[in-house]
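Trainee: model this:
(2 chains)
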2 protein chains.
Amino acid sequence: MTRQDTAFVYGHLDVQLLKKEDGWNTEPFVLDFERRKALWRRGALVMMKRPVLGLASAIESISANQEKCAVNIKFCFEGMEESGSQGLEPLLRERQASFFSDVDFVCISDNYWLSTTKPCLTYGLRGLCYFCIEIECASKDLHSGLFGGSVHEAMTDLIYIMGQLVEPNGKILIPHIYKDVEPLGDTEEQFYEKIDFDTEDFRTAIDHPKLTKADKTQVLMSRWRYPSLSLHGIEGAFSGPGGKTVIPGKVVGKFSIRIVPNQTPQCVEKYVLDYLNELWKARNSPNKFKAYLLDSGKSWRTNPEHPNYVAAARATKYVYNVEPDLTREGGSIPITLTFEEVTGKNVLLLPMGASDDGAHSQNEKIDVRNYIEGTKLLAAYLYEISKVTQAELEEAESTK
Amino acid sequence: MTRQDTAFVYGHLDVQLLKKEDGWNTEPFVLDFERRKALWRRGALVMMKRPVLGLASAIESISANQEKCAVNIKFCFEGMEESGSQGLEPLLRERQASFFSDVDFVCISDNYWLSTTKPCLTYGLRGLCYFCIEIECASKDLHSGLFGGSVHEAMTDLIYIMGQLVEPNGKILIPHIYKDVEPLGDTEEQFYEKIDFDTEDFRTAIDHPKLTKADKTQVLMSRWRYPSLSLHGIEGAFSGPGGKTVIPGKVVGKFSIRIVPNQTPQCVEKYVLDYLNELWKARNSPNKFKAYLLDSGKSWRTNPEHPNYVAAARATKYVYNVEPDLTREGGSIPITLTFEEVTGKNVLLLPMGASDDGAHSQNEKIDVRNYIEGTKLLAAYLYEISKVTQAELEEAESTK
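Mentor: Numbers count the residues shown, from 1 in each chain, chains lettered A, B, ... in the order given. Here you go, the predicted structure:
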């Protein structure tokens, strides 16, 4: 008897809490099959719950057919993902030489199709560097009647600094920031051209007046393979409705940069902090200033021609009768990098839901089609990886 | 029997609610005589309550001495001041020809001394124009991973616009904004030089590193007789602690300008909106933009040589044995203008508390000295105005 391959599957069971009053059309935790043939429900089926349930159903159906599962399955289902997966990473690293030692393939289903109709396999994620700019002009909030005109206001300084970071079209103004971005390959654009993605659907779904890029390839590249900078907000300033005549004593501006291969958080941190400190010095303000990296995560990209992906593509073809698109994500799933590191194996991101499922949002749903076919897809994937030969795996490793 | 003069006194009885957990050293609604010989307590004695109680005590002591009060007293004590005095102004205007028809002097005690030790009479207030800048890039908040790089972000636009309003030193960048400001009188600066005010106390009380102006006269003028612009905050952006990778769909920037004689809200509104609209046009952003005046109030200044002020100065000299400073305030007390209009008479702002009482703030207090002497001051003021002759009043009116 040859050694049977082992697949590792990760899922999480917790959700971000939302109440009906937050804008749901139905009770978030009560299943509703009626609307658009979708399962509208938070927690039980949506988010990672659907892949977890899907996997259970897949195994159940294999058993029901009195068949032996073609691979061993190990899994990690956590309940703290929406709370920062506290404690998970040390646990995984601790089990590297034991629990994870015999894992051959890793599969995570925590993302979504690029479109509403076509399946995809995801081989890349952007990383993140999240920055704070703290400026303090007083030890407490001041009244603008009493102090307006006589103090150097922290908000004036902060708005100035935050205004020097990015151009209207999204170009980042921080020196050297594009230096480490992987140059565009000769045939890379052709790769994006084939992908099923409608920029007009993408734009109108959010009622955005005009994208920064003109065509599909440019839009996909701006989301996947180029860095972007977003200004998120200000802590400590007035943020309520109506008017309040406050001069905030201390404000913290928040912005982040989505980073891509081959940018590293260390280099991006240095470029950003050097620039911010230089701007501050030139500003010559008497106020207190501190800029720092709050959080960071590396970008991730794997080889989409690895047998793990080839097996998932075959399974997709079998279930959906279509070749899946090979996609990347503009966001981060930090646990992906951890699983890659602790197993040393290829990691597949295998999304189950469609792009309009509204993860974390009001009226989050999964379409019945995605749930049923997605369950079949997981079963077919487990079957396909069992057929991957040691030689194929070794070849993939050697060309890594 | 000659007609007895009628004094009108306004006070309010409500407070902004604060709990002990908000940072009070003692229970906010329990009197505490021990600390610094001050009455630390919110509601019962602080804010306008102390003048209201002071007036009651003054009248009580006059009665106890079996004396007849030298003037008639009318008053308006409201309980909605901290909620925008809803409904008060129409009521006052409705009673203009009845209740207010025989008022000769108006006294409001809703402000504070300029210093902690020296009494003052206040004859001017800055007005206010409060503006909102609404920018919308999407019908909902977006995830920076999914959309970062491909959309024109509303925050980028808003931070840019807010960055074009004021220089680090407080100079307002809006064209024409200084045009209507009353030119500095030949001897005006000498007037401020005599006032008891320590810029270093003012600065260190709030731990501000360096004021925008170098000397007392300049600081007082920047608070009283020149306009100032403050950036208050942004509604709709991320404002919590920690990090959130949101691209806000719609943001509303808030700023206000404290206006002075002879600026009018109408002119300031026009200058500001013209400038904002011009900036927006030049920005050439596809996003939705709307700038508007949220709220406004006129500045106010009266004649500090009016018999109403002369009487209050005499009363101050009698109680505190010092000539009061004649001061202005950088903030607004909108009801002042309403009482001036409905009575057609001179309005006196007669503060009872010291500059460090911490109105609306944690550990709000009134010193025992200010409360006791302030009560005497109100009694003495009522006596002094009873001695003002019709001829003095008529002369003041003629030189208005």
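Trainee: Following element in sequence after whichever strand or helix holds A:Asn308, please.
Mentor: Element membership of A:Asn308 [criterion: DSSP states H and E] is helix A:307-320. As assigned by DSSP H and E, the chain's next helix or strand after helix A:307-320 is strand A:325-329.
Trainee: Mind giving me the packing neighbours of that next one?
Mentor: Secondary-structure packing of strand A:325-329 (3 or more C-beta pairs under 8 Å, 6 or more residues apart in numbering or on different chains; DSSP states H and E): strand A:120-125, helix A:216-224. Quick note: C-beta positions are derived from backbone N, CA and C, even for glycine.
Trainee: Identify whichever of the ones you listed lies nearest to A:Ile366.
Mentor: Closest approach to A:Ile366 among the helices and strands packed on strand A:325-329 (C-beta to C-beta): strand A:120-125, 15.8 Å.
Trainee: elements contacting that closest one?
Mentor: strand A:300-301, helix A:307-320, strand A:325-329, strand A:347-349.
Trainee: what do you get if the cut-off is 7 Å, keeping everything else the same?
Mentor: With contacts taken as 3 or more C-beta pairs under 7 Å, 6 or more residues apart in numbering or on different chains; DSSP states H and E, strand A:120-125 sits against strand A:300-301, helix A:307-320, strand A:325-329.
Trainee: Rebuild those as CSV, extending it with mean neighbour count and mean pLDDT.
Mentor: Listed next are the helices and strands packed on strand A:120-125 as CSV, based on neighbours: other C-beta atoms under 10 Å in any protein chain shown; pLDDT from 0 to 100:
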stretch, mean neighbour count, mean pLDDT
strand A:300-301, 18, 96
helix A:307-320, 21, 97
strand A:325-329, 23, 96
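Trainee: Can you tell me which of the helices and strands packed on strand A:325-329 is most buried?
Mentor: strand A:120-125 (a mean of 24; mean count of other C-beta atoms under 10 Å in any protein chain shown).
Trainee: Alpha carbons only: can I get it in PDB?
Mentor: Output of strand A:120-125 as PDB, limited to C-alpha atoms (Å, rounded to 0.1, in the frame of the first residue of the first chain):
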ATOM      1  CA  CYS A 120     -11.600  30.900 -10.000                       C
ATOM      2  CA  LEU A 121      -8.500  29.800  -8.200                       C
ATOM      3  CA  THR A 122      -6.500  32.400  -6.400                       C
ATOM      4  CA  TYR A 123      -2.700  32.400  -6.300                       C
ATOM      5  CA  GLY A 124      -1.800  35.800  -4.900                       C
ATOM      6  CA  LEU A 125      -2.600  38.400  -2.200                       C
END
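Trainee: Show the average pLDDT along that strand.
Mentor: In this model, strand A:120-125 has an average pLDDT of 97.
Trainee: Please, where are all the helices along the stretch 151-300 of chain A?
Mentor: In the stretch 151-300 of chain A, the helices defined using DSSP state H, counting those that start in this stretch lie at A:154-162, A:188-193, A:199-204, A:216-224, A:265-283.
Trainee: for those helices, which one sits closest to B:Ser239?
Mentor: helix A:154-162 (12.8 Å).
Trainee: so what secondary structure elements neighbour the closest one?
Mentor: Contacts defined by 3+ C-beta pairs under 7 Å, 6+ apart place helix A:154-162 against strand A:127-136, strand A:250-259, helix A:265-283, helix B:154-162, strand B:228-235.
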